[in-house]
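S.K.: build me a model:
(one chain, ligands or ions: 1)
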Amino acid sequence: MNKFPKRYFLTLIWTFHTNLIVWSISYLLFGLILSCKHFWTGLVLQFQIDKDYLLKFKNKKFTGLNLGHTVIIVSRKANKDGIDTSIEKHEHGHAEQWEGNCLFSFLIASVVFSISIFVGNLNAFLYFILFVWFFGGYVIYFCRSVQAWIRGENIYSGNADEESMRAQFK
Ligand SMILES: [Zn+2]
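M.R.: Model prediction:
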């Protein structure tokens with residue numbers, strides 16, 4: 001959070017719309033309903049949950065989850081405020097990948113938006129533009145899982161984003 005703050009906050013241009021949705025829903029669920037401890041590090045809102053089972057999926061237990069600029073960590077794996085455990089570094093690293101993914105989808109959405117305005121038929125592409133603009137950042141992660149599956153690897157551990165995070169923070 002101390003690196004290039006100006007450039008960091010510039011990323012809000014292509015992430016703010018998605019952030020508004022995910023921050024609101026996660027704050028409602030984890031902040032208000034489940035009363036989880038939470039704090040901000042730069043643009044990322046982190047929640048610490050005591051209920052481990054919330055991050056269980058198909059018998060696989062996750063200790064952290066990244067939703068873009070929202071990170072959820074099980075309390076026993078988060079030490080104190082700030083990013084100081086390996087799982088926190090892992091999930092906050094995903095936030096950086098997501099920002100890059102969002103920039104790509106923002107550019108794609110902008111190009112299609114401009115073309116559809118130019119040809120005078122915004123309605124035909126509106127839902128496509130909105131989907132790419134809001135959720136493109138997540139779709140790219142999903143595609144890396146599909147790619148892992150095609151290679152015959154595990155869709156989670158073979159995902160190139162996960163491999164990158166494991167290589168950085170073991
Ligand atoms: Zn991960």
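
S.K.: tell me, how many residues neighbour the nearest residue to residue 134 once chain neighbours are set aside?
M.R.: With sequence-adjacent residues excluded and distances taken as C-beta to C-beta, 6 or more residues apart in numbering, residue 134 is closest to residue 18, at 5.4 Å. Quick note: C-beta positions are derived from backbone N, CA and C, even for glycine. By other C-beta atoms under 10 Å, 23 other residues sit near residue 18.

S.K.: ok now do residue 18, which residues does it touch?
M.R.: With contact set as C-beta atoms under 8 Å, 6 or more residues apart in numbering, residue 18 has these partners: 68, 102, 134, 135, 137.

S.K.: nearest to residue 123, of these?
M.R.: Closest approach between these and residue 123, by C-beta to C-beta: residue 134, at 17.7 Å.

S.K.: list the contacts for that closest one?
M.R.: Taking C-beta under 8 Å, 6+ apart, we find residue 134 in contact with 17, 18, 21.

S.K.: tell me the one of these nearest the ion?
M.R.: residue 18 (18.4 Å; C-beta to the ion).

S.K.: and residue 43, its phi and psi?
M.R.: Here is the backbone geometry of residue 43 (degrees, to the nearest 10): phi -90, psi 0.

S.K.: quick one: it and residue 11 touch, right?
M.R.: Yes: Residue 43 lies in contact with residue 11 (C-beta atoms under 8 Å); the separation is 6.9 Å.

S.K.: can you list the weak-confidence ranges in the protein?
M.R.: When residues are selected by pLDDT under 70, those of the chain lie in 1-5, 170.

S.K.: quick check: longest helix in this protein by residues?
M.R.: Ranked by number of residues, the top helix in the chain under DSSP state H is helix 86-118.

S.K.: which other helices and strands contact that helix?
M.R.: helix 12-26, strand 44-49, strand 64-66, strand 70-74, helix 122-150, helix 160-168 (3 or more C-beta pairs under 8 Å, 6 or more residues apart in numbering; DSSP states H and E).

S.K.: now distance to the ion too, for the contacts of residue 18, in TSV please.
M.R.: Below are the contacts of residue 18 laid out as TSV (distance: C-beta to the ion, whole Å):
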residue	distance to the ion
68	13
102	17
134	22
135	18
137	15
